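Below are the sequence and a predicted model for it; my questions follow.
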Amino acid sequence: MRHNRKFNHLGRTASHRAAMLANMAVSLIKHKRITTTVEKAKALKKYVEPLLTKSKNDTTNSRRVVFSYLQDKYAVTESVKEISVKIADRPGGYTRIIKTGHRLGDNAAMCFIELVDYDENMAKETVKKATRTRRRSKKAAATDAVEVAEAPKAEEEVAAADEKQAE
């Protein structure tokens, strides 16, 4: 039975799990994207998102709280100075998990976990591609050119007929 197993223990002791998640969080903050197993990524998401929320408020206390989890002053500085600026208007959901398949050795489900605002490929402000024109056969292009050439003549004839009626 699974009484009181509210989160995935990842087959590790509490101290090992805390150290592993802290190291993964530091790597995620420094590199903006890491590759790991899906289960570790889900556990990391629950670990790092409250820390990023805390780092949005740049106070001494919030820095100390984040440092107590991460134990890396460069990661704390980067999360407060750079990342919090990009996620300031976002109410949550700072990370994205993208599944990539299975690992060759043990068939473990693998994925990327990345910070959402740092992925240029998934950015909403993507530049639209120019629409390509269809290629036509030479016959169709020639008939279109003839129709285009005849169109001004027809308009001139209509204009001349209107002038005659006006007189």
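Nice, thanks for sending it over. Residues are numbered from 1 along each chain as shown.

If you count neighbours, what's buried in the helix or strand hosting residue 27?
Mapping residue 27 onto the secondary structure by DSSP states H and E places it in helix 14-31. Buried residues in helix 14-31, defined by neighbour count with 16 or more other CB atoms under 10 Å: 17, 20, 21, 22, 24, 25, 26, 27, 28, 29. The C-beta positions use only the backbone N, C-alpha and C, and glycine is treated the same way.

Out of those, the closest to residue 3 would be?
If you rank the buried residues of helix 14-31 by distance to residue 3 using CB to CB, residue 17 comes first, at 19.2 Å.

Tell me the spacing between that closest one and residue 8.
From residue 17 over to residue 8 the distance is 9 Å, taken as CB to CB, to the nearest Å.

Quick check: neighbours shared by those two?
Common neighbours of residue 17 and residue 8, counting by CB atoms under 8 Å, 6 or more residues apart in numbering, are residue 43.

re the thing from before, tell me what the helix holding residue 27 is packed against?
Applying 3 or more CB pairs under 8 Å, 6 or more residues apart in numbering; DSSP states H and E, we find helix 14-31 packed against strand 33-37, helix 38-55, helix 60-70, helix 73-78, strand 109-115.

Quick one: mean pLDDT for the fourth one?
Read that as helix 73-78. Computed over helix 73-78, the mean pLDDT rounds to 94.

Output the below-cut-off pLDDT ranges for the chain.
For the chain, the stretches with pLDDT under 70 are 122-130, 133-134, 136-159, 161-162, 164, 167.

For the helix holding residue 27, list the C-alpha coordinates in PDB.
In PDB, the C-alpha atoms belonging to helix 14-31 read as follows (Å, rounded to 0.1, in the frame of the first residue of the first chain):
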ATOM      1  CA  ALA A  14      15.900  12.300   1.900                       C
ATOM      2  CA  SER A  15      19.400  13.800   2.100                       C
ATOM      3  CA  HIS A  16      20.400  12.300  -1.300                       C
ATOM      4  CA  ARG A  17      17.200  13.400  -2.900                       C
ATOM      5  CA  ALA A  18      17.500  17.000  -1.500                       C
ATOM      6  CA  ALA A  19      21.100  17.200  -2.800                       C
ATOM      7  CA  MET A  20      20.200  15.800  -6.200                       C
ATOM      8  CA  LEU A  21      17.300  18.200  -6.600                       C
ATOM      9  CA  ALA A  22      19.400  21.200  -5.500                       C
ATOM     10  CA  ASN A  23      22.100  20.300  -8.000                       C
ATOM     11  CA  MET A  24      19.600  19.800 -10.800                       C
ATOM     12  CA  ALA A  25      17.900  23.200  -9.900                       C
ATOM     13  CA  VAL A  26      21.300  24.900 -10.100                       C
ATOM     14  CA  SER A  27      22.000  23.300 -13.500                       C
ATOM     15  CA  LEU A  28      18.600  24.300 -14.800                       C
ATOM     16  CA  ILE A  29      19.100  28.000 -13.700                       C
ATOM     17  CA  LYS A  30      22.600  28.200 -15.100                       C
ATOM     18  CA  HIS A  31      22.000  26.400 -18.400                       C
END
